[in-house]
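Undergrad: what follows is a predicted structure for the sequence shown.
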Amino acid sequence: MIEFLKSLFETDTPEHAPENHERQCRLASAALLVEVASIDNQFAESERNALLKILTKEFKLVGEELKEIEQLAIEKQSEASSLHEFTSLINDHFSVEQKIQLIVNMWRIAYADGELDKYEEYIIRRVSELIYVAHGDFIRAKQIARSESGKNH
């Protein structure tokens, strides 16, 4: 299964291109969520739990499939030299609403451990800019996640 997931970032076959793009986008989204969770050099258990909850809800993944996309997302995030390989997929295949939902989910990860780190905020802002999310939507996404977390900052 890991080999199958790794193949998602490799060359598309025309007959499976739409399904492959969806899988690639899922993995890119998961890698961006991992980036938020690990950017402060502390991938807390609460952040991991939030990641798994988001992947389960957003992508309808369970069991081995869930564990494998988590593992592959961690690998892809640690190997990536820039955010471009992830954000370009998002730009090419996500609607405005899907992009905003990704930013909300990134904020959820950032707030999961009870501490909003300046690097977490920076990376979410950067991704938001790279995927062309309007500043007002960026702020609303933050407010949604903050209110869910019970935080006031």
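TA: Done, it's in. Residues are numbered from 1 along each chain as shown.

Undergrad: how about the helices in the protein?
TA: 2-7, 17-38, 45-59, 63-79, 84-93, 96-112, 118-130, 135-149 (DSSP state H).

Undergrad: now mean pLDDT and mean neighbour count too, for these, in a markdown table please.
TA: The way it works is simple: take the backbone N, C-alpha and C, and place the C-beta from them, glycine included. As requested, the helices of the chain are exported to a markdown table (pLDDT from 0 to 100; neighbours: other Cβ atoms under 10 Å):
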| stretch | mean pLDDT | mean neighbour count |
| --- | --- | --- |
| helix 2-7 | 47 | 12 |
| helix 17-38 | 85 | 21 |
| helix 45-59 | 92 | 17 |
| helix 63-79 | 87 | 16 |
| helix 84-93 | 93 | 17 |
| helix 96-112 | 97 | 21 |
| helix 118-130 | 96 | 17 |
| helix 135-149 | 95 | 15 |
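
Undergrad: number of nearby residues for residue 81?
TA: 6 (other Cβ atoms under 10 Å).

Undergrad: look up phi and psi at it.
TA: Dihedral pair for residue 81: phi -90, psi -20, per degrees, to the nearest 10.

Undergrad: from here on, count from 329
TA: Okay, residue one is now 329; in that scheme the one you just asked about reads as residue 409.

Undergrad: now do the same for it: its pLDDT.
TA: Looking at residue 409, its pLDDT reads 84.

Undergrad: relative to residue 385, how far out is it?
TA: 30 Å (Cβ to Cβ, to the nearest Å).

Undergrad: now swap in residue 437 and tell me
TA: In terms of Cβ to Cβ, residue 437 sits 13 Å off from residue 385.

Undergrad: what does residue 373 give?
TA: Applying Cβ to Cβ to residue 373 and residue 385 gives a distance of 19 Å.

Undergrad: next: residue 435.
TA: From residue 435 across to residue 385, the span is 15 Å (Cβ to Cβ).

Undergrad: show me how far stretch 407-423 is from its chain's centre.
TA: Computed by Cα atoms, centre = their mean, to the nearest Å, the chain-centroid distance of stretch 407-423 equals 10 Å.
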